[in-house]
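**Q** Got a predicted structure plus its sequence, pasted below:
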Amino acid sequence: MTSEASSAARQPRVVEIAADGVPMPRRSAQLSGFCAKALAAAGHSSWQVSVLICGDERITALNCRYLGRNTPTDVLSFPEEEGRKEGPVRGDIAISLPALFRNAAAFDVSENEEMKRLLIHGLLHLAGMDHGRGKSGKMLALQEALLEKLRSEKIFRETRK
């Protein structure tokens with residue numbers, strides 16, 4: 001085994017999925033696999049990510065505690081190291097299931113597409129991208145390019161037509 005191959009073999013590539021206050025998505029293995037594909041497509045070779053699927057109450061508590069906003073939101077990201085752009089992508093993402101459903105209805109997209117969009121958005125934040133100072137255009141363009149590239153992935157139930 002070459003040193004490059006053995007180095008790649010040691011790279012962490014872990015995505016854990018958990019649920020709190022909502023049912024665990026039936027396709028949790030697909031959610032994990034999708035995150036890995038999105039990270040690889042964005043040019044990352046290693047990651048340690050956890051994703052919490054939760055209700056509005058839990059995400060509101062997280063939003064209030066960490067951002068001082070006492071309102072629900074759709075997705076929050078907590079990078080292990082703020083502003084880090086090199087090395088493994090590490091951190092936690094929280095997604096509100098009720099907000100996902102509201103977003104899908106409001107934007108007239110499938111719940112599957114909205115879940116992918118929220119996951120990609122959270123992963124890009126973990127990778128060091130942000131909305132600040134006019135940079136959001138680049139982040140959102142990459143988000144939509146990744147979404148298009150991974151369009152055929154089925155990771156979440158479809159309850160809307």
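**A** Here it is on my side, so go on.
**Q** can you map out the helices along this structure?
**A** Under the criterion DSSP state H, the chain carries helices at the ranges 3-10, 28-41, 56-67, 97-107, 111-126, 136-149.
**Q** what helices or strands is the last one leaning on?
**A** Packed against helix 136-149 by the contact rule (3 or more C-beta pairs under 8 Å, 6 or more residues apart in numbering; DSSP states H and E) you find helix 28-41, helix 111-126. Where C-beta positions appear, they are placed from N, C-alpha and C, glycine not excepted.
**Q** low pLDDT regions in the protein?
**A** Within the chain, the ranges that satisfy pLDDT under 70 run 1-10, 82-85, 132-136, 158-161.
**Q** Give me the most central residue, this protein.
**A** Leu119 (2.5 Å; C-alpha atoms, centre = their mean).
**Q** I figured it was touching Ser32, is that so?
**A** No. Taking contacts as C-beta atoms under 8 Å, Leu119 lies outside contact range of Ser32: 10.0 Å.
**Q** Overlap of the contact sets of those two?
**A** The contact sets of Leu119 and Ser32 overlap at Val51 (C-beta atoms under 8 Å, 6 or more residues apart in numbering).
**Q** ok, the nearest residue to Phe156 once chain neighbours are set aside - contacts?
**A** Spatial nearest neighbour of Phe156, excluding adjacent residues (C-beta to C-beta, 6 or more residues apart in numbering): Met115 at 4.0 Å. Contacts for Met115 (C-beta under 8 Å, 6+ apart) come out as Leu31, Ile95, Leu100, Ile155, Phe156.
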